[in-house]
Each structure stands twice: as structure tokens, then as C-alpha cells.
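> Predicted model and sequence follow; I will ask about them next.
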Amino acid sequence: DSYELGAKTTWLDGNLLLNATLFHQQYENFQLNSFLGTSYVVRAIPEVISKGVDAEILWQTSIKGLMVQGGVTYADTRYGDDLLPDADLFLLPGSRISFAPAWSGTASVTYQWDFGSDLLGRFNIGTKYLSEHNTGSDLDPQKIQSGYALVNARVGIGSKDKRWAVELWGQNLTDKTYTQVGFDAPLQTGSWNAFLGAPRTYGMTLRLQY
């Protein structure tokens with residue numbers, strides 16, 4: 001069951017969009033996929049409730065070709081209070097669910113400009129932020145990931161008819177080390193392993209359309 005109450009507004013002769021939504025979502029028999037180090041196990045959680053607010057902005061500035069985008073979400077997403085039969089899931093009832101930060105946000109700036117009569121340049125830099133959250137399905141405290149932000153950027157040039165484009169890009173420019181999934185090490189009681197996010201990465205992309 002999902003309920004939403006929101007508003008979509010337009011300002012500055014249509015150049016500024018501000019939207020906001022309050023939400024309340026209730027899940028029954030939520031499917032929790034747990035990695036045990038050697039295999040995956042799916043358990044049905046009786047109830048999960050998520051409630052919060054989501055807001056976003058899109059601003060076409062007075063500077064030609066310059067656009068600013070952003071968004072922020074606060075979500076209180078928790079398991080129900082029902083006790084679970086699985087002994088290793090005793091921390092779940094009433095707790096914030098895995099991979100569900102209270103705060104998340106994005107922001108980006110894009111600038112686009114003309115090169116002569118046939119070419120178009122484009123630059124974009126953006127960031128994504130996640131507050132502290134647990135990366136383990138059992139909510140073991142050792143699997144908590146502290147809040148972090150990732151920064152990505154892209155610059156390119158191409159034809160105005162979009163027949164071709166060349167882009168240079170970089171992801172995780174600050175080379176932030178962060179955990180995507182934490183799990184108990186197989187056959188090693190009291191040890192933990194993790195799948196880490198991608199490190200700083202650079203590349204070039206050629207796009208052709210015909």
C-alpha cells in the first residue's frame with residue numbers, strides 16, 4: 001500500500017521547477033535476500049514501512065546553456081516489530097532496513113555551448129550522497145557504512161544533429177572507498193567480508209548514430 005501527497009510548482013517563467021512529495025509505503029511479506037558467504041537465502045519479512053519526504057529542483061539559469069539539478073530524500077524505512085523465527089535476524093524487528101540511508105541526495109551542474117555552426121560542447125559534474133546505513137542483511141553493527149559522497153564528471157563534443165559525439169568521463173573522482181554489501185566470511189566465525197564499490201575510473205566514449 002502506497003500513499004503520496006505532493007506538489008509540482010513552476011517559477012521564473014518556467015525556468016525553475018520545484019517539486020516535493022510526502023510518502024508512506026507499507027509492504028507485507030517483504031522479500032529479504034541474504035548472502036551467507038556461500039549461498040543466497042530469501043526470507044519473507046512480515047512487514048516493512050517506509051515514510052518520508054522527497055524534493056527536487058531543476059533550474060535553467062539565466063546563463064545560456066547552464067542548468068542546475070538537485071534532489072534530496074529523507075526516508076525512515078524500518079522492519080515491523082514482529083519477531084522473526086531466524087536466530088540470525090534477531091536485530092531486524094523495529095530497526096532501519098539494510099541499504100536504506102535516512103538521507104540521500106544528488107546534485108549536478110550541466111553546461112552546454114556551441115562550437116561554430118555544427119558542433120556542440122557539453123560538460124557535467126554531479127555528486128551523489130548517502131548517509132550512514134547498514135550493508136548487511138542481518139544488520140550486524142560491523143557492516144555499517146558511514147555516510148559518503150561520490151563525484152562523477154563528463155565532458156564531450158559532438159555534432160548538433162547528434163550523429164556523433166566523443167566524451168571523456170571520470171567516476172568516483174575522489175577515489176572514495178566504500179562498502180556496497182557486507183557479509184559474514186564463510187567458515188570464519190567472527191570475520192566479515194565485503195563487496196566494495198568501484199574505485200576512481202576514467203574512460204572515453206565514442207557515440208555514433210546512423
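It's in.

> if we look at the sheet, which residues does T110 bridge to?
Assessed by DSSP bridges, T110 has beta-bridge partners M67, N124.

> mind checking how far it is from D184?
43 Å (C-beta to C-beta, to the nearest Å). The way it works is simple: take the backbone N, C-alpha and C, and place the C-beta from them, glycine included.

> which residues does K64 contact?
Contacts for K64 (C-beta atoms under 8 Å, 6 or more residues apart in numbering) come out as W113.

> That one sits in which helix or strand?
Using DSSP states H and E, K64 sits within no helix or strand.

> any idea how far it lies from N15?
For K64, the distance to N15 equals 12 Å [C-beta to C-beta].

> Quick check: which helices or strands does the helix or strand where G156 lies pack against?
Taking DSSP H and E as the criterion, G156 maps to strand 148-159. Where contact means 3 or more C-beta pairs under 8 Å, 6 or more residues apart in numbering; DSSP states H and E, strand 148-159 is packed against strand 119-130, strand 164-171.

> export the ones you listed to CSV and tack on mean pLDDT and distance to L5?
Compiled in CSV, the helices and strands packed on strand 148-159 are given as follows (pLDDT from 0 to 100; distance: least, C-beta to C-beta, whole Å):
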stretch, mean pLDDT, distance to L5
strand 119-130, 97, 25
strand 164-171, 97, 36
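
> Among T110 and D184, which residue is more densely surrounded?
D184 (22 against 15; other C-beta atoms under 10 Å).

> where does the more buried one land on pLDDT?
D184 is assigned 85 on the pLDDT scale.

> Note down every partner strand of the strand holding G156 and its orientation.
Counting by DSSP bridges, strand 148-159 is paired with strand 119-130 (antiparallel), strand 164-171 (antiparallel).

> Of those, give the one that comes closest to S50.
For S50, the closest of the strands paired with strand 148-159 is strand 119-130, at 15.6 Å, according to C-beta to C-beta.

> Could you pull out the buried residues of the closest one?
L120, R122, F123, N124, I125, G126, T127, L130 (16 or more other C-beta atoms under 10 Å).
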